[in-house]
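1. Just a sequence and a predicted model for now, questions to come.
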Amino acid sequence: MPGLILAAPSSGAGKTTVTLALLRLLSRLGLDVRGAKSGPDYIDPRFHEAACGASCVNLDAWAMSPERLISLAAGPELLIIEGAMGLFDGAPPEGRGAVADLARLMALPVVLVVDAARMAQSVAPLVAGFAAHDPAVRVAGVILNNVGSARHAGMLRAALAPLGLPVLAALPRRADLALPSRHLGLVQAGENPDLAAFLDRAADALAAGGAGDEATDLEALLSLSTPLPDVPDLDPSARLNPPAQTIAIARDEAFAFTYPHMLNDWRAAGAELRFFSPLADHAVPQADFVFLPGGYPELHAGRIARAATFLATLRRHGDHRPIYGECGGYMVLGDVLFDSDNTPHQMAGLLPLATSFKTQRLHLGYRTLTATTGPFPGRHRAHEFHYATTLHKGGAPLFEATDATGAALPPMGIREGQICGSFAHIIDRG
């Protein structure tokens, strides 16, 4: 089936709103459609799924092989890929991992979403520059966002006319088409009681065109999509191996950051996944391995500290079987977590670790991890994104680490017997 990419000159142009509006609108019209998100993102894919009812994958051109990317993109539905950041923005030094890499690899057209709120005729050189920058990246059309009026839309369309690129939609500047956000991105889809109404508002605005001049040319937009590449044979050794055959996985608003492709790889290898909710104070299920993913434990630290059944069964599990924590899950395995008010919350006490959100510092970037022991031996591609400060930690390091440029970083994570974790989110094999 075909696909296309929605990208933008920069972050903040409204790609997510436009993508959700398009997914919702096409789904309401009865088309089989699904979304994908470029780069490392746990939050936006859940909005894609809410918009169209189909599972959403991450397509990370820095961390994943071409074969993995094409395999994940394959499917019977029309695929709408939402880009991250700007079209050509990627990891240092040369921008590897940008959504432009997906456009080149899969020969997919790009629809450029432009935030036109503070421009008129200047939109033309902006779009022209992006369209001409790389002949291997085909900018096939434009969606104008945050348009002030029909007159404003007319000025923008007139300026773009000489470029020969279709203006597919002009969406209005509307406060009710914005989603709430916080320090790691949007407030999670499952926490937004107004989400269904928001998705329908966005779809209605896209269908109408919204800026008062012309309706959205949905037929022209769909005609831009092109067939996805043939699916290659993915070597089983390239998949992520399960750390055990029965895996208990925390899943709720505090532990929501898992990649579907990782869980699917584990299932494909025969692993049984058993989910539970620490926030609901569930007992940890009987399993050979416990995985505490990332999320927002700092927003729920008091509830986690009071979850007596969860903590007691987690500690008992750690007496005999391995546990792995990733980012937020890593902090929960520690001794104490200080929230943004500097209130201490006692955590599981399974790793010699104390973390704090009183003084927040951004840690962000791709990582290459190498381990000789632990549940994920060998080399893996990963990503780090958090605002926690480590007050103290002990134990043996879990991973050797380098950044996206290959420069060595301090070792990451802690390993204490069968208990281990780190701030890195594993994406794929390295």
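-> Cool, got the structure. Numbering: from 1, shown residues only.

2. switch to C-alpha atoms for all contacts and neighbour counts from now on
-> Noted.

3. Show the contacting residues for H383.
-> By C-alpha atoms under 8 Å, 6 or more residues apart in numbering, the contact list for H383 reads 40, 364-367, 424-427.

4. I'd like the distance between it and W62.
-> 10 Å (C-alpha to C-alpha, to the nearest Å).

5. before we move on, back to that, generate a ChimeraX selection restricted to the buried subset of the contacts of H383.
-> Applied in ChimeraX, the following selects the buried portion of those according to 16 or more other C-alpha atoms under 10 Å:
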select :40,365,366,367,424,425,426,427
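
6. Verify the contact between L78 and V33 for me.
-> Yes. Look at L78 against V33 with C-alpha atoms under 8 Å: they come within range, at 4.6 Å.

7. before we move on, back to that, of the contacts of H383, closest to V111?
-> Using C-alpha to C-alpha, P40 is the member of the contacts of H383 that lies nearest V111, at 21.0 Å.

8. Quick one: the strands in the stretch 251-400 of the chain, in order.
-> 272-276, 289-292, 323-326, 336-338, 344-346, 353-356, 363-371, 378-386, 389-393, 399-402 (DSSP state E, counting those that start in this stretch).

9. Tell me which of those sits nearest to R239.
-> Comparing the strands of the stretch 251-400 of the chain by C-alpha to C-alpha, strand 378-386 comes nearest, at 10.9 Å.

10. What pairs with the closest one, parallel or antiparallel?
-> strand 363-371 (antiparallel), strand 425-429 (antiparallel) (DSSP bridges).

11. Quick one: residues in contact with the first one.
-> With C-alpha under 8 Å, 6+ apart as the contact definition, strand 363-371 has outside contacts at 91, 377-387, 398-404, 424, 430.

12. Equivalent analysis for stretch 147-166, please.
-> 115-117, 120-124, 128, 140-142, 167, 170-173, 211-213.

13. How about stretch 175-192?
-> Contacts of stretch 175-192 (C-alpha under 8 Å, 6+ apart): 17, 43-44, 46-47, 50, 195, 198, 201-202, 253, 385-386.

14. repeat that for 7 Å
-> With contact meaning C-alpha atoms under 7 Å, 6 or more residues apart in numbering, stretch 175-192 is reached by 43, 46-47, 202.

15. Most neighbours among those, which one?
-> Neighbour counts for the contacts of stretch 175-192 peak at A202, which has 26 neighbours (criterion: other C-alpha atoms under 10 Å).

16. List the residues that contact it.
-> Counted by C-alpha under 7 Å, 6+ apart, A202 has contacts 21, 177.

17. so it, which of the three states?
-> Here A202 is helix, with the state taken from DSSP: H, G, I helix; E, B strand; the rest coil.

18. what pLDDT does it get?
-> Confidence at A202, expressed as pLDDT, is 93.

19. is it true that L126 lies in a helix?
-> Yes. Counting by three-state DSSP, L126 is found in a helix.

20. State the distance from it to L221.
-> Taking C-alpha to C-alpha, one finds L126 at 21 Å from L221.

21. neighbour count winner among those two?
-> L221 (19 against 13).

22. Could you measure from that one over to L168?
-> Taken as C-alpha to C-alpha, the span from L221 to L168 is 6 Å.

23. for the closest residue to D60 other than its chain neighbours, what are its contacts?
-> Leaving aside its sequence neighbours, D60 sits nearest to G39 (C-alpha to C-alpha, 6 or more residues apart in numbering; 4.3 Å). Taking C-alpha under 7 Å, 6+ apart, we find G39 in contact with 58-61, 84.

24. residues of the helix or strand hosting V113 that come out buried?
-> Using DSSP states H and E, V113 falls within strand 110-115. For strand 110-115, burial by neighbour count (16+ other C-alpha under 10 Å) applies to 110-115.

25. Is it possible to get TSV of the residues you listed that adds pLDDT and distance to A207?
-> Shown next, in TSV, are the buried residues of strand 110-115 (pLDDT from 0 to 100; distance: C-alpha to C-alpha, whole Å):
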residue	pLDDT	distance to A207
V110	98	20
V111	98	17
L112	98	18
V113	98	16
V114	98	18
D115	97	18
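
26. least trustworthy helix or strand in the chain by mean pLDDT?
-> strand 181-182 (a mean of 68; mean pLDDT, DSSP states H and E).

27. After that strand, which helix or strand is next? Please name it.
-> strand 185-186.

28. I'd like the distance from that following strand to the chain centre, please.
-> Distance of strand 185-186 from the chain centroid (C-alpha atoms, centre = their mean, to the nearest Å) equals 10 Å.
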